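Trainee: Below is the sequence, then the predicted model.
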Amino acid sequence: MRRLLLALLLLFPLAAWAGPPYLTDDPDPVEYGHLEAIPFYALDRAADGSQIQGPGADISYGIAPDMHLNLVPVFIHALPDSGPSEYGAGDFHVGLKWRFLEETEDRPEIAIYPAVNFPTGSAEFSNGQASYVFPLWLEKNWGSWSSYGGGGYGLNRAPGQHNYWFGGWQVQKQVNDRWNLGGEIFSQGRTADDAAGFTALNLGGSMKLSEGTSLVFTFGHSFAGASHRLAYLGVALEW
């Protein structure tokens, strides 16, 4: 049962740690001296059960020009189709986004975003040892349209877990002053003995509620590999 719960967690490890609300991230760091916090819930309905990530918080602070620190504490609720449900803390995620190339008329902006997941979670949800991701993301903007994507490699040497490649691409449009809508295709390799890879289509966006506050959301479904129904809902707060 513990292997199943951990596999469910590792099937969807980037949902809380990518560019909320999307699985694909962008290269834009939070501005220097600014704070962004996104309390969220994320759902992954897989073939063998469901996993709810939440309550969680995706917290980013601009620690230098073109660089932010990202912290993600989260609780996990696993609901396997067979056996009892489990609830507890997930491992603690710490990332550092550095945009090393600014966008110009002729080139995209580019950033790296290495991160480590520390094994601080409760026993049924902890990886047991630190795991790492090493992505590179790029973005280009054209008027009200923007597009970003990239990918990277996940390193996980815990028993029963796999190293894996991941990547995605997103397109979005600023429809008006309140609404931003977009979609992405995201793919991830096998992350564990019991966690096959998948490729999914996600649709979503953001709705501005007030100055510095937006509702962010996505919903999607895999169309290759393991079966996943995905959803994310959060509130982006900026100071």
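Mentor: Looks like it came in fine. Numbering: from 1, shown residues only.

Trainee: end to end, how far does stretch 174-183 reach?
Mentor: 13 Å (CA to CA, to the nearest Å).

Trainee: Please work out the average pLDDT along it.
Mentor: Regarding stretch 174-183, the rounded mean pLDDT is 96.

Trainee: could we number from 27 for the rest of this?
Mentor: Sounds good: first residue 27 from here, last item stretch 200-209.

Trainee: Which strands and helices lie in contact with the longest strand seen in the chain?
Mentor: Longest strand in the chain by number of residues (criterion: DSSP state E): strand 75-90. Under the contact definition 3 or more CB pairs under 8 Å, 6 or more residues apart in numbering; DSSP states H and E, strand 75-90 sits against helix 28-37, strand 61-72, strand 93-98, strand 100-106. Where you see a C-beta, it was placed from the backbone N, CA and C, and this is true even at glycine.

Trainee: between these, which one is nearest to residue 83?
Mentor: The closest approach between residue 83 and any of the helices and strands packed on strand 75-90, judged by CB to CB, belongs to strand 61-72 at 5.2 Å.

Trainee: which secondary element of this protein has the worst mean pLDDT?
Mentor: Of all helical and strand segments in the chain, the minimum by mean pLDDT, DSSP states H and E falls on helix 28-37, at a mean of 49.

Trainee: For residue 164, which of the helices and strands packed on strand 75-90 is the nearest?
Mentor: Closest to residue 164 of the helices and strands packed on strand 75-90, according to CB to CB: strand 93-98, at 16.5 Å.

Trainee: Paired strands for the closest one, with orientation please.
Mentor: In the sheet, strand 93-98 lines up against strand 75-90 (antiparallel), strand 118-127 (antiparallel) (DSSP bridges).

Trainee: This completes my enquiry, with thanks.
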